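Generate a structure from the sequence data that follows.
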Amino acid sequence: MQIPENSVAVAPSAQRRRVLWGAVAGVAAVAGAGLSWRQQAASSVMEPVPGFWAQQWQTPQDTNLAMQQFQGRPVLINFWATWCPPCVDELPLLDRFHTEQGPKGVQVLGLAIDRKEAVVPFLQRVPLQFPVALAGLSGTELGRALGNVTGGLPFSVLVASDGAVAQRKMGRVHAEDLVAWAAVK
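The predicted structure follows:
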């Protein structure tokens, strides 16, 4: 092997070390950026949502549901749709949570990102004890304000009694989530 005059020969093991150190540095940079983002996201978890208690929606029974009626206590809001299998799967769990935690002051509210024509027959087949409102596609705007930047479903958010976002979860909630959330005041 002939080496050009103006280049420096690097032993294969030294070259491997450089590649390895470069990879380690890259992983460290990505991890640092991720940690920074996570800390920033965690610090924004407790920011109040402007106008939250002024929200109101129509229910499947053609009445109005105003958030103001829940002010002063924790509210677990679940954004769901009849066409979303994980949403439908978690509703019985949320209903049990409502039955158990409602007397202790925690309110569960289902906001259907769906049409009334789909929600009414669904609720006849799967009755829920907690209130359900028809947020439709405009409900996605509230979801975004509460931290659902992708607009995916299901999305759940626990708003503390002071109106601050205490917990949020993209995807299906599990019993472990609800046990932890029951302690929020």
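
Is Leu91 within a helix or a strand, and which one?
According to DSSP states H and E, Leu91 maps onto helix 85-101.

distance between that helix and the chain's centre?
Between the mean C-alpha point of helix 85-101 and the mean C-alpha point of its chain there is a distance of 15 Å (CA atoms, centre = their mean, to the nearest Å).

downstream neighbour of it in the secondary structure list?
Following the chain from helix 85-101 toward its C-terminal end, the next helix or strand by DSSP H and E is strand 107-112.

In terms of secondary structure, what does the helix or strand just after that next one contact?
Heading C-terminal from strand 107-112, the first helix or strand you meet, by DSSP H and E, is helix 116-125. Contacts defined by 3 or more CB pairs under 8 Å, 6 or more residues apart in numbering; DSSP states H and E place helix 116-125 against strand 132-134. C-beta: built from backbone N, CA, C; applies to glycine.

what's the average pLDDT for the strand it packs on?
With pLDDT averaged residue by residue, strand 132-134 scores 98.

what sits up against that strand?
Judged by CB atoms under 8 Å, 6 or more residues apart in numbering, the contacts made with strand 132-134 from elsewhere in the structure are 57-60, 65, 109-112, 114-116, 119, 123.

Can you select the buried ones from these in ChimeraX?
To isolate the buried ones among the contacts of strand 132-134 in ChimeraX, judged by 16 or more other CB atoms under 10 Å, type:
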select :57,59,60,65,109,110,111,112,114,119,123
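
Identify, from the contacts of strand 132-134, the entry nearest to Pro92.
When the contacts of strand 132-134 are compared for distance to Pro92 (CB to CB), Gly110 wins out at 12.1 Å.

coming back round to it: now the helix holding Leu91: average pLDDT?
Over the span of helix 85-101, the pLDDT mean works out to 98.

What of stretch 113-129?
In the prediction, stretch 113-129 has an average pLDDT of 97.

wait, Gln129 sits on Phe97?
No: with contacts defined as CB atoms under 8 Å, Gln129 does not count as touching Phe97, sitting 10.1 Å away.

Name the residue in those two with the higher neighbour count.
Taking neighbours as other CB atoms under 10 Å, Gln129 and Phe97 compare with Phe97 leading, 23 against 11.
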